[in-house]
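Undergrad: Model the following, please.
(2 chains)
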2 protein chains.
Amino acid sequence: MSAELSKQPVVKEVPPKGDDLSAWYTAVCLRAELVSYSPVRGCVVLRPYGFGLWENLQRELDARFKATGHENAYFPLLIPESLLMKEAEHVEGFAPEVAWVTHGGSEKLTERLAIRPTSEVIIGTMYAQWIESHRDLPILINQWCNVVRWEKATRPFLRTMEFLWQEGHTAHATAQQAREETLKILDVYRDFAENVAALPVYAGVKSASERFPGAEETYSIEALMPDGKALQSATSHDLGQNFAKAYDITFADADGTTKHVYTTSWGMSWRMLGAVIMAHGDDRGLRLPPKLAPLEAVIVPIVKASDRRALDVAEQLRAALAERGFRVRVDDRDQTPGWKYAEWEIRGVPVRIEIGPRDVESASVTLVRRDKRKGEEGASRNVPTSGVAEALRETLGAVHENLFAQAKEFLTTHTFAVSEREEFLERCSSRAGMIDVAWCGRPECEAFVKAQTGATTRNLRALEGQARCVACGESARVRAYFAQSY
Amino acid sequence: MSAELSKQPVVKEVPPKGDDLSAWYTAVCLRAELVSYSPVRGCVVLRPYGFGLWENLQRELDARFKATGHENAYFPLLIPESLLMKEAEHVEGFAPEVAWVTHGGSEKLTERLAIRPTSEVIIGTMYAQWIESHRDLPILINQWCNVVRWEKATRPFLRTMEFLWQEGHTAHATAQQAREETLKILDVYRDFAENVAALPVYAGVKSASERFPGAEETYSIEALMPDGKALQSATSHDLGQNFAKAYDITFADADGTTKHVYTTSWGMSWRMLGAVIMAHGDDRGLRLPPKLAPLEAVIVPIVKASDRRALDVAEQLRAALAERGFRVRVDDRDQTPGWKYAEWEIRGVPVRIEIGPRDVESASVTLVRRDKRKGEEGASRNVPTSGVAEALRETLGAVHENLFAQAKEFLTTHTFAVSEREEFLERCSSRAGMIDVAWCGRPECEAFVKAQTGATTRNLRALEGQARCVACGESARVRAYFAQSY
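TA: The predicted model follows:
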């Protein structure tokens, strides 16, 4: 058995979340059957339940890309080494992380091929061929694919050698259009995080040292995890003309002159699912936001040897709900109701629908919310069978709102506007959360803070008024969120 | 510029299909912007219009997999060499086609990693971990992904080093259940080919020499191309216990004994799109079956400087049709209607909706079918604007039926039941089509026919009654379709 497989503990219990977030996280990912470790170092298998999360992420995000005029395409996995070498910063940033193909069958290749760590290079090369005139612009393309970045560590969703993501690549006639695209997508990501993943985020621009290799500006959305570390959940890059110049992407403008295009790229990976798992889960396991949950509801019929009517009612209800587009399943396995409740709680299904013999008599069912504790107000409600679809829709909406409100409350109470140097360094060191400060913007200053505390800027926004940098005392240029990060 | 890119002609015209199918095929794939050659040998880019075909294929096929109880998952791209070596026939079949990763960053790997040519190996390894008892069976998983098989030649969709496909992998408690699964999926593929791709196929079992490496039986669907060559469009493999034994996939049966599972695997790739393009296209370009077409209809408003009302009507109609779920676009570019008609004919959009000034007056539009020639009965019809959605739905159905009927007519008239040896060899050599014969089933006999004529068995079915093998005169065991193939 390989090293990776031997790391795969048989997880029976999920330890309390508060004791050790990292242990809880790994246990819940395995126990809920989201992922398995694989025999390939650094790679995990996304199991059907985990893939269900990814499919919902894809559907929601893809609809938003299409609504903003983007189309999907597919570009090659392998990139010739000479092509990769054309953009200097990009090469420097990615070369240490590249997996190299050197042989095809028994033949040694004359030129090595990189497995794409990202696709600016190959897509830029194609855009150079496709674009002739300003009438060909903008090009707005997205790709859903796998990428490989050589990693030693493995943490499901958060750090894996191969991961699934989407990468958008656009080309524009003007700098302004490219910047507008970059910010439009940043807002798509924010909207997705908040309204699908129920995750409040800070959106802003990255500092120079945190910028994508080859970008003019990188923007990000940043979520806050329960251990006070930030998790960068998506990035959107304004690449200016850097890639256009390296890959010779030009167009004939309306005035007849030949110009380089302006490009952008932007991506969200399955890392977002890691943020969802960590932010929302509790001691009992996952709590999935309804719009991402592979199952919105599970129906548990309570059946006795002498009375199996609940099973029929459950199946009728399932069919009626599926007909209306709900993702729902009946758990008719040969186990006790209590066992099933615990099982689906670990898996984070937002709503459980219980049907007991008395419910059958009264033509009603009980909806139980996963996001609330037993006995908490609104944790469960009895509704007539005829009104389940309506009640379920309402309840799923309420679950989303509650998860978002809880995460928002956490973010708000763990964001600290700090103006004293000592407090700043202490809060950074102790992972207090998002430390909101006036900052000079100098890489040296950021490097100092990182060396002292482990924290870096997560992203930046405009500074209102005048202030001194909290770290170095020089004149501040921006407001920054500092935090340790995943 | 690389060898591949320099092969990329600027295609202005599509040559007649009948003169040189291969030249027509390449030209139409490029001219309709389905694909571009890439700087990576053997790899093409699937452009947005081509990817639209793939998205529709995915949606239709995925719905069928889910309706038959399958779930999606994702397994690693890279497979350690030692794992790949466990199933002898499988290794022998795939080793010559494997791309090998030997370096990660600057580090040389202690064990080479294969880019998956197919995933039986990695999935079997995971199933060995996941399956404990008969209660864990069946496992019914599908994966949509990219695979790499080292190829020198490049033909868009038909032969590329990297391609997109789906691969299903299932595990069962009994041989019978595995066989039933294999045949169930074969029928899903047949249904998809006929009812989505409008492509009639012959479904049957492969001969021993055409079997998937490591399979007990391979089944296929085979379509017939206009040049008389068969195109294998999907395969479904009953793997028996071969992979279960090589990868130690066992379960505790209800009787307490430990047994090896029975597995299946099955796949359809973007090759199916190559079949669709070649089978249905004509001298004017693509003719896309409506269920796969990225655009079901294009609206062309005929606008004069003095009368731009058609543009508003077109936009209103687009919105109304999109609202009803149609994939539709307005072509409002600054070009003549004739130019636009030709453009969308090349791209194979099933229905064109023309709106001229007189149509605006009479509150009607003209629907023009791509599958019919100008002047042919039913090629166009004028309908009131209020009834376009209904008329479009009917017309799209009629286009599908007509494409299917034409392809079926071709298949039927190019299938020859032959019992004379000389006629058999002649028809095989001349690519007459599907040559339907009684056959002995012996690999030596098939090898002889291949050497003599270039044809092999495409697939087999039961022989009714007794007969002699058309090729060797020995006692026949099956009926076989022989043909040259892609």
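Undergrad: Got phi/psi on A:Thr118?
TA: A:Thr118 adopts backbone torsions of phi -180, psi 170, taken as degrees, to the nearest 10.
Undergrad: who's in contact with it?
TA: Contacts here follow Cβ atoms under 8 Å, 6 or more residues apart in numbering or on different chains; on that basis A:Thr118 touches A:94, A:147, A:167, A:265, A:267. C-beta coordinates here come from the backbone N, C-alpha and C atoms, glycine included.
Undergrad: same deal with A:Cys472?
TA: By Cβ under 8 Å, 6+ apart, the contact set of A:Cys472 is A:440, A:442, A:445, A:448.
Undergrad: Same question for A:Phe326.
TA: With contact set as Cβ under 8 Å, 6+ apart, A:Phe326 has these partners: A:296-297, A:389, A:392.
Undergrad: Just the closest of those to chain B, please.
TA: Lowest distance from chain B to these (Cβ to the nearest Cβ) belongs to A:Glu296, with 15.8 Å.
Undergrad: separation between the residue nearest to the closest one when sequence neighbours are not counted and A:Tyr49?
TA: Closest residue to A:Glu296 apart from its sequence neighbours, by Cβ to Cβ, 6 or more residues apart in numbering or on different chains: A:Arg327 at 4.7 Å. Distance, A:Arg327 to A:Tyr49, using Cβ to Cβ, to the nearest Å: 12 Å.
Undergrad: Look up the residues that both of those two are in contact with.
TA: Common contacts of A:Arg327 and A:Tyr49 (Cβ under 8 Å, 6+ apart): A:Pro294.
Undergrad: Which of these two has more residues huddled nearby?
TA: Of the pair A:Arg327 and A:Tyr49, A:Tyr49 is the one with more neighbours under other Cβ atoms under 10 Å in any protein chain shown, namely 20 against 16.
Undergrad: wait, what's in contact with the residue nearest to the more buried one when sequence neighbours are not counted?
TA: Nearest residue to A:Tyr49 in three dimensions, chain neighbours excluded: A:Glu33, at 4.9 Å (Cβ to Cβ, 6+ apart). Counting by Cβ under 8 Å, 6+ apart, A:Glu33 makes contact with A:47-50, A:347.
Undergrad: Taking the centroid of chain A, which residue is nearest it?
TA: Taking Cα atoms, centre = their mean, the centroid of chain A lies closest to A:Met272, which sits 1.3 Å from it.
Undergrad: Please spell out which residues along stretch A:266-284 are buried.
TA: A:266-282, A:284 (16 or more other Cβ atoms under 10 Å in any protein chain shown).
Undergrad: Now render the contacts of A:Cys472 as CSV, adding neighbour count.
TA: Output for those, formatted as CSV (neighbours: other Cβ atoms under 10 Å in any protein chain shown):
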residue, neighbour count
A:Cys440, 20
A:Arg442, 17
A:Cys445, 19
A:Phe448, 14
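Undergrad: Just name the closest of those residues to A:Ser22, please.
TA: Of all the contacts of A:Cys472, the one sitting nearest A:Ser22 is A:Phe448; the distance, using Cβ to Cβ, is 27.7 Å.
Undergrad: Please identify which helix or strand holds that closest one.
TA: Secondary structure assigned from DSSP states H and E places A:Phe448 in helix A:443-453.
Undergrad: Same check on A:Thr235?
TA: In the assignment (DSSP H and E), A:Thr235 maps to strand A:230-238.
Undergrad: Only alpha carbons, please: show that strand as CSV.
TA: Taking Å, rounded to 0.1, in the frame of the first residue of the first chain, the C-alpha atoms of strand A:230-238 are listed here in CSV:
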residue,chain,number,x,y,z
ALA,A,230,-8.2,33.4,5.7
LEU,A,231,-8.9,31.3,2.7
GLN,A,232,-8.5,32.8,-0.7
SER,A,233,-11.5,31.4,-2.6
ALA,A,234,-11.2,32.8,-6.1
THR,A,235,-8.9,35.2,-8.0
SER,A,236,-9.4,37.5,-11.0
HIS,A,237,-6.4,38.9,-12.8
ASP,A,238,-6.0,41.9,-15.0
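Undergrad: And the contacts of the helix or strand following that strand?
TA: The helix or strand immediately downstream of strand A:230-238 is helix A:242-246, counting by DSSP H and E. Contacts with helix A:242-246, where a contact means Cβ under 8 Å, 6+ apart, come from A:86-90, A:120, A:124, A:171, A:214-216, A:249-250, A:260-263.
Undergrad: what's the helix or strand for the residue nearest to the centre of chain A?
TA: helix A:271-280.
Undergrad: Next, see if that helix gets close to chain B.
TA: No - with Cβ under 8 Å from any Cβ of the partner chain as the criterion, chain B is not reached by helix A:271-280; the gap is at least 12.0 Å.
Undergrad: Report the mean per-residue pLDDT for that helix.
TA: What helix A:271-280 shows for mean pLDDT is 98.
Undergrad: do stretch A:77-95 as well
TA: Per-residue scores along stretch A:77-95 average to 87.
Undergrad: mind listing what's buried in it?
TA: Using 16+ other Cβ under 10 Å as the test for burial, stretch A:77-95 gives A:77-81, A:83-84, A:86-87, A:90-91, A:93-95.
Undergrad: Could you pull out the buried residues of the longest helix along chain A?
TA: What stands out as the longest helix in chain A, according to DSSP state H, is helix A:388-413. For helix A:388-413, the neighbour count (16+ other Cβ under 10 Å) marks A:388-389, A:391-393, A:395-396, A:398-400, A:402-404, A:406-407, A:410-411 as buried.
Undergrad: and if you look at stretch A:121-137?
TA: Within stretch A:121-137, the residues that qualify as buried are A:121-129, A:131, A:134, A:137, counting by 16+ other Cβ under 10 Å.
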